[in-house]
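Below is the structure, and that's it, no one-letter string:
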Ligand SMILES: Nc1nc2c(c(=O)[nH]1)N[C@H]1C(S)=C(S)[C@@H](COP(=O)(O)O)O[C@H]1N2
Ligand SMILES: [Mo]
């Protein structure tokens, strides 16, 4: 049995801490909603989720999502940690580099090209992208392949809502995402740590799954630059690197795209990259993870869950596949 911390001289069991944290995060959620006078009101009868950030950036609230699995009842990772411990190699490889350097990114004006195997290709401006579907708040776990995780209240809508607009053809078996690579805005692009631009891909059914989020915000505000402003993917059952930041192009393709990480190390980063505690990274185990913010003296690593805890929602997508081969 592990003990997490001492409080008023009492030792608190991990089981008690967990329910306590869930309670605290629910209460904070309600407090936020109360401050805005929205408790129990809700537009269209929906409960409004109002998880507020520090108010430094424009507000972007979302209604609490009704998508199955969209709200993890675990303590939220602090806004400060979510925005200061990042992977965004276009701004440097240190965890603190994106927060330090991403002020040079200009998230407006912005547009995304949608092309390839679809009936309605086109270029969408950010204001149109923001209006494609109602904004929802989704509390997802995000687990990095490096072995740390966070719980983040994202704001956005299902990527499928946007993809549908372009009317993908029968040949659209995969979707490729390309992100901004501009040396003038992104100092890290001068290094050759990755083959720029950053490219990621999903199978079309993964891209259309309601949990796959086109995110525009977090903590009730627009995305901070270091988290992938003005829009990024969040694919909660896959390792974090599949969640491409600052997207500029979405392409429907017939053949499986090659991601930048697969190009960099084919044996380490497969196309699927589903969170899987049974398939180790060649250089380290994936059985456990460190929750950012829980790194005190008594913090213990958490068991990593199959599909990052989203197995009930996405397991069927991989029925019959050998997940050791398709890692
Ligand atoms: N364009 C781009 N997107 C990216 C990355 C990157 O380096 N460049 N890093 C990925 C990795 S490894 C992770 S873990 C997540 C981190 O997202 P966060 O900083 O919002 O937690 O972003 C992903 N998206
Ligand atoms: Mo990552």
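Done, it's in. Only a predicted model underlies this, so the values are computations on that prediction, with no experimental measurement involved. Ligands and ions are numbered 1, 2, ... in the order given.

Could you point out the longest strand of the protein?
Assignment by DSSP state E gives strand 148-158 as the longest strand of the chain.

what helices or strands is that one leaning on?
helix 79-82, strand 136-143, strand 213-218, strand 288-291 (3 or more C-beta pairs under 8 Å, 6 or more residues apart in numbering; DSSP states H and E). Every residue, glycine included, has its C-beta placed from N, CA and C.

ok, and residue 100, which helix or strand is that part of?
helix 97-101 (DSSP states H and E).

same question, residue 182
Assessed by DSSP H and E, residue 182 sits outside every helix and strand.

Let me see the contact set for it.
By C-beta atoms under 8 Å, 6 or more residues apart in numbering, the contact list for residue 182 reads residue 189.

Let me see the confidence value for it.
pLDDT for residue 182: 98.

Give me the distance between it and residue 106.
9 Å (C-beta to C-beta, to the nearest Å).

where does residue 316 land in three-state SS?
Following DSSP: H, G, I helix; E, B strand; the rest coil, residue 316 is assigned to helix.

if we can go back for a sec, which one of the helices and strands packed on strand 148-158 lies nearest to residue 168?
strand 213-218 (15.3 Å; C-beta to C-beta).

which element follows the closest one toward the C-terminus?
strand 221-222.

Quick one: distance of that following strand to the chain centre.
From the chain centre to the centre of strand 221-222 is a distance of 14 Å (C-alpha atoms, centre = their mean, to the nearest Å).

which parts of the stretch 151-300 of the chain sit against ligand 2?
By C-beta under 5 Å from the ion, the residues of the stretch 151-300 of the chain that approach ligand 2 are 240, 241.

just so I have it, where are all the strands in the stretch 151-300 of the chain?
174-179, 199-203, 213-218, 221-222, 232-234, 247-253, 288-291 (DSSP state E, counting those that start in this stretch).

What is the first one packed up against?
Using 3+ C-beta pairs under 8 Å, 6+ apart as the contact criterion, the secondary-structure elements in contact with strand 174-179 are strand 199-203, helix 204-208, strand 247-253.

which residues touch residue 144?
Counting by C-beta under 8 Å, 6+ apart, residue 144 makes contact with 87, 239, 240, 241.

distance of the second one from residue 146?
Between residue 239 and residue 146 the distance is 9 Å, computed by C-beta to C-beta.

likewise residue 279?
Distance of residue 279 to residue 146, given as C-beta to C-beta: 15 Å.

next one: residue 298
Following C-beta to C-beta, the distance that separates residue 298 from residue 146 is 22 Å.

Skipping its backbone neighbours, what lies nearest the residue nearest to the spatial centre of the chain in space?
Nearest to the geometric centre of the chain sits residue 234, at 3.0 Å (C-alpha atoms, centre = their mean). Nearest residue to residue 234, sequence neighbours excluded (C-beta to C-beta, 6 or more residues apart in numbering): residue 213, at 4.2 Å.

Same check on residue 275?
Nearest one to residue 275, counting by C-beta to C-beta, 6+ apart, is residue 308 at 3.8 Å.
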